[in-house]
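Q: this one's structure only:
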(Lines give C-alpha, C1' and ligand atoms only; values in the text may rest on other atoms or scores of the structure.)
Protein backbone atom coordinates (compact mmCIF):
# COMPACT_ATOMS: atom_id res chain seq x y z
CA UNK A 1 0.00 0.00 0.00
CA UNK A 2 1.19 3.55 -0.73
CA UNK A 3 0.72 5.94 2.19
CA UNK A 4 1.15 9.71 1.96
CA UNK A 5 1.94 10.83 5.50
CA UNK A 6 1.44 14.51 6.26
CA UNK A 7 3.48 15.43 9.29
CA UNK A 8 6.45 17.37 10.51
CA UNK A 9 9.59 16.10 8.78
CA UNK A 10 12.00 17.84 11.14
CA UNK A 11 14.89 15.79 12.50
CA UNK A 12 14.45 17.54 15.87
CA UNK A 13 12.01 15.29 17.71
CA UNK A 14 11.19 17.69 20.53
CA UNK A 15 7.41 17.40 20.76
CA UNK A 16 4.52 15.00 20.35
CA UNK A 17 3.29 15.52 16.79
CA UNK A 18 6.83 15.34 15.38
CA UNK A 19 7.40 12.08 17.24
CA UNK A 20 4.08 10.62 16.10
CA UNK A 21 4.90 11.45 12.45
CA UNK A 22 8.42 10.07 12.78
CA UNK A 23 7.33 6.78 14.38
CA UNK A 24 4.40 6.32 11.99
CA UNK A 25 6.75 6.87 9.06
CA UNK A 26 9.19 4.30 10.43
CA UNK A 27 6.52 1.75 11.44
CA UNK A 28 4.42 2.03 8.27
CA UNK A 29 7.59 1.99 6.16
CA UNK A 30 8.35 -1.54 7.34
CA UNK A 31 5.37 -2.90 5.39
CA UNK A 32 4.25 -0.16 3.04
CA UNK A 33 5.62 2.45 0.68
CA UNK A 34 5.51 5.78 2.54
CA UNK A 35 6.03 9.31 1.29
CA UNK A 36 6.21 11.82 4.14
CA UNK A 37 5.64 15.48 3.34
CA UNK A 38 5.68 18.27 5.88
CA UNK A 39 2.04 19.28 6.28
CA UNK A 40 2.74 23.01 5.89
CA UNK A 41 4.61 22.40 2.62
CA UNK A 42 2.01 20.03 1.12
CA UNK A 43 0.15 22.84 -0.68
CA UNK A 44 3.27 23.99 -2.54
CA UNK A 45 3.32 23.02 -6.23
CA UNK A 46 6.45 20.80 -5.95
CA UNK A 47 5.01 18.87 -2.97
CA UNK A 48 1.60 18.54 -4.64
CA UNK A 49 3.28 17.20 -7.77
CA UNK A 50 5.25 14.64 -5.68
CA UNK A 51 2.00 13.55 -4.01
CA UNK A 52 0.18 13.17 -7.34
CA UNK A 53 3.05 11.16 -8.87
CA UNK A 54 3.21 8.95 -5.75
CA UNK A 55 -0.44 7.91 -6.30
CA UNK A 56 -1.23 7.27 -2.63
CA UNK A 57 -3.92 4.84 -1.62
CA UNK A 58 -4.12 6.47 1.81
CA UNK A 59 -3.42 10.05 2.88
CA UNK A 60 -2.89 10.42 6.63
CA UNK A 61 -2.56 13.71 8.49
CA UNK A 62 -0.83 13.79 11.88
CA UNK A 63 -1.34 17.49 12.80
CA UNK A 64 -4.62 18.98 13.95
CA UNK A 65 -7.15 18.52 12.62
CA UNK A 66 -8.05 22.07 11.76
CA UNK A 67 -10.10 23.59 8.95
CA UNK A 68 -6.87 23.86 6.93
CA UNK A 69 -6.10 20.16 7.51
CA UNK A 70 -9.56 19.04 6.37
CA UNK A 71 -9.31 21.30 3.30
CA UNK A 72 -5.86 19.92 2.49
CA UNK A 73 -7.07 16.31 2.81
CA UNK A 74 -10.00 17.09 0.48
CA UNK A 75 -7.65 18.71 -2.05
CA UNK A 76 -5.26 15.74 -1.95
CA UNK A 77 -8.17 13.31 -2.33
CA UNK A 78 -9.21 15.24 -5.46
CA UNK A 79 -5.80 15.62 -7.13
CA UNK A 80 -4.47 12.16 -6.14
CA UNK A 81 -7.37 10.18 -7.57
CA UNK A 82 -9.52 9.50 -4.51
CA UNK A 83 -7.34 7.88 -1.85
CA UNK A 84 -8.80 7.19 1.59
CA UNK A 85 -8.12 10.08 3.96
CA UNK A 86 -7.39 9.76 7.66
CA UNK A 87 -6.76 12.44 10.28
CA UNK A 88 -5.28 12.00 13.73
CA UNK A 89 -6.93 14.41 16.17
CA UNK A 90 -3.91 14.96 18.38
CA UNK A 91 -4.35 18.74 18.60
CA UNK A 92 -7.86 19.48 17.31
CA UNK A 93 -9.05 22.96 16.54
CA UNK A 94 -12.05 24.18 18.49
CA UNK A 95 -13.33 26.51 15.76
CA UNK A 96 -16.68 26.29 14.02
CA UNK A 97 -15.04 26.18 10.59
CA UNK A 98 -13.55 22.77 11.38
CA UNK A 99 -16.91 21.22 12.23
CA UNK A 100 -18.58 22.83 9.22
CA UNK A 101 -15.88 21.44 6.90
CA UNK A 102 -16.10 18.02 8.55
CA UNK A 103 -19.76 17.88 7.50
CA UNK A 104 -19.03 18.84 3.87
CA UNK A 105 -15.53 17.42 3.24
CA UNK A 106 -15.18 14.61 5.78
CA UNK A 107 -12.13 12.37 5.90
CA UNK A 108 -12.85 8.64 5.70
CA UNK A 109 -11.89 8.31 9.35
CA UNK A 110 -10.77 10.55 12.16
CA UNK A 111 -8.80 9.29 15.16
CA UNK A 112 -9.43 11.02 18.50
CA UNK A 113 -7.62 10.73 21.81
CA UNK A 114 -10.49 11.24 24.24
CA UNK A 115 -14.17 10.42 24.69
CA UNK A 116 -14.94 14.16 24.58
CA UNK A 117 -13.36 14.59 21.14
CA UNK A 118 -14.93 11.39 19.84
CA UNK A 119 -18.36 12.82 20.71
CA UNK A 120 -17.55 16.22 19.17
CA UNK A 121 -16.29 14.68 15.92
CA UNK A 122 -19.19 12.20 15.75
CA UNK A 123 -21.61 15.14 16.03
CA UNK A 124 -20.14 16.29 12.69
CA UNK A 125 -21.02 12.93 11.14
CA UNK A 126 -17.45 11.67 10.69
CA UNK A 127 -16.50 8.05 11.44
CA UNK A 128 -14.29 8.27 14.54
CA UNK A 129 -12.05 5.77 16.30
CA UNK A 130 -10.15 6.16 19.57
CA UNK A 131 -6.38 6.26 19.22
CA UNK A 132 -4.61 7.41 22.36
CA UNK A 133 -1.03 8.51 21.80
CA UNK A 134 1.47 6.54 23.78
CA UNK A 135 4.26 7.62 26.07
CA UNK A 136 7.89 6.67 25.58
CA UNK A 137 8.22 4.40 28.62
CA UNK A 138 11.97 4.16 28.18
CA UNK A 139 12.35 7.92 28.56
CA UNK A 140 9.48 8.60 30.99
CA UNK A 141 9.28 5.98 33.72
CA UNK A 142 8.70 5.98 37.46
CA UNK A 143 11.81 6.30 39.58
CA UNK A 144 12.56 2.87 41.08
CA UNK A 145 14.30 4.24 44.17
CA UNK A 146 11.80 5.98 46.54
CA UNK A 147 14.67 7.86 48.17
CA UNK A 148 15.65 9.39 44.80
CA UNK A 149 12.07 10.52 44.23
CA UNK A 150 11.92 12.20 47.64
CA UNK A 151 15.27 13.85 46.98
CA UNK A 152 13.97 15.20 43.66
CA UNK A 153 10.79 16.48 45.30
CA UNK A 154 12.67 18.33 48.03
CA UNK A 155 15.16 19.71 45.50
CA UNK A 156 12.28 21.13 43.46
CA UNK A 157 10.37 22.35 46.51
CA UNK A 158 7.45 19.96 45.93
CA UNK A 159 5.45 18.76 48.94
CA UNK A 160 5.91 15.13 50.02
CA UNK A 161 2.90 12.84 49.74
CA UNK A 162 0.99 15.01 47.22
CA UNK A 163 0.28 14.07 43.62
CA UNK A 164 2.24 15.93 40.97
CA UNK A 165 1.43 16.18 37.27
CA UNK A 166 3.98 16.94 34.59
CA UNK A 167 3.13 18.36 31.20
CA UNK A 168 5.71 18.37 28.44
CA UNK A 169 4.97 20.52 25.42
CA UNK A 170 3.39 23.84 24.51
CA UNK A 171 0.45 25.18 26.54
CA UNK A 172 -2.39 25.33 24.02
CA UNK A 173 -6.04 25.92 24.85
CA UNK A 174 -7.25 22.65 23.32
CA UNK A 175 -5.08 20.23 25.32
CA UNK A 176 -7.60 19.24 28.05
CA UNK A 177 -5.78 20.92 30.93
CA UNK A 178 -9.05 21.03 32.87
CA UNK A 179 -8.51 17.33 33.55
CA UNK A 180 -5.36 18.20 35.50
CA UNK A 181 -7.22 20.85 37.47
CA UNK A 182 -9.92 18.33 38.48
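A: Received it, and whenever you're ready, just let me know what you need. Worth saying up front: this structure is predicted, and the values here are computed from it rather than measured. Numbering: from 1, shown residues only.
Q: low-confidence bits of this protein, can you list those?
A: Along the chain, the parts satisfying pLDDT under 70 run over 13-15, 133-137, 140-143, 168-170, 172-176, 179-180.
Q: residue furthest from the geometric center of the chain?
A: residue 147 (36.6 Å; CA atoms, centre = their mean).
Q: could you check how far the spatially closest residue to residue 106 that is not a sequence neighbour is from residue 28?
A: The spatial neighbour of residue 106 that comes closest, neighbours along the chain excluded (CB to CB, 6 or more residues apart in numbering), is residue 126 at 4.7 Å. Placement of C-beta: from N, CA and C, glycine included. Distance of residue 126 to residue 28, computed by CB to CB, to the nearest Å: 22 Å.
Q: what residues does the helix or strand where the residue farthest from the centre of the chain lies touch?
A: Assessed by DSSP states H and E, residue 147 sits inside helix 146-156. Around helix 146-156, the neighbours that count as contacts under CB atoms under 8 Å, 6 or more residues apart in numbering are 143, 158, 159, 160, 164.
Q: just the residues you listed: which are in helices?
A: Among these, none falls in helices (DSSP state H).
Q: what would the residues you listed look like in CSV with distance to residue 104?
A: Shown next, in CSV, are these (distance: CB to CB, whole Å):
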residue, distance to residue 104
143, 50
158, 49
159, 51
160, 55
164, 44
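Q: neighbour count and distance to residue 95 for the residues you listed - can I get that in JSON lines?
A: What follows is these, written out as JSON lines (neighbours: other CB atoms under 10 Å; distance: CB to CB, whole Å):
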{"residue": "143", "neighbour count": "11", "distance to residue 95": "41"}
{"residue": "158", "neighbour count": "12", "distance to residue 95": "37"}
{"residue": "159", "neighbour count": "9", "distance to residue 95": "39"}
{"residue": "160", "neighbour count": "8", "distance to residue 95": "43"}
{"residue": "164", "neighbour count": "10", "distance to residue 95": "33"}
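Q: quick one on the thing from earlier: got the contact list for the residue nearest to residue 106?
A: 102, 106, 107, 109, 110.
Q: so which of those residues wins on neighbours?
A: residue 110 (27 neighbours; other CB atoms under 10 Å).
Q: who touches it in this structure?
A: 65, 86, 87, 88, 89, 102, 121, 126, 127, 128, 129.
Q: quick one: list the elements packing against the helix or strand where residue 118 lies.
A: Per DSSP H and E: residue 118 is located in helix 115-122. Applying 3 or more CB pairs under 8 Å, 6 or more residues apart in numbering; DSSP states H and E, we find helix 115-122 packed against strand 109-112, strand 128-130.
Q: got the buried residues for that helix?
A: For helix 115-122, burial by neighbour count (16 or more other CB atoms under 10 Å) applies to 117, 118, 120, 121.
Q: would you mind confirming that the first one makes contact with residue 92?
A: Yes. With contact defined as CB atoms under 8 Å, residue 117 and residue 92 form a contacting pair (5.9 Å).
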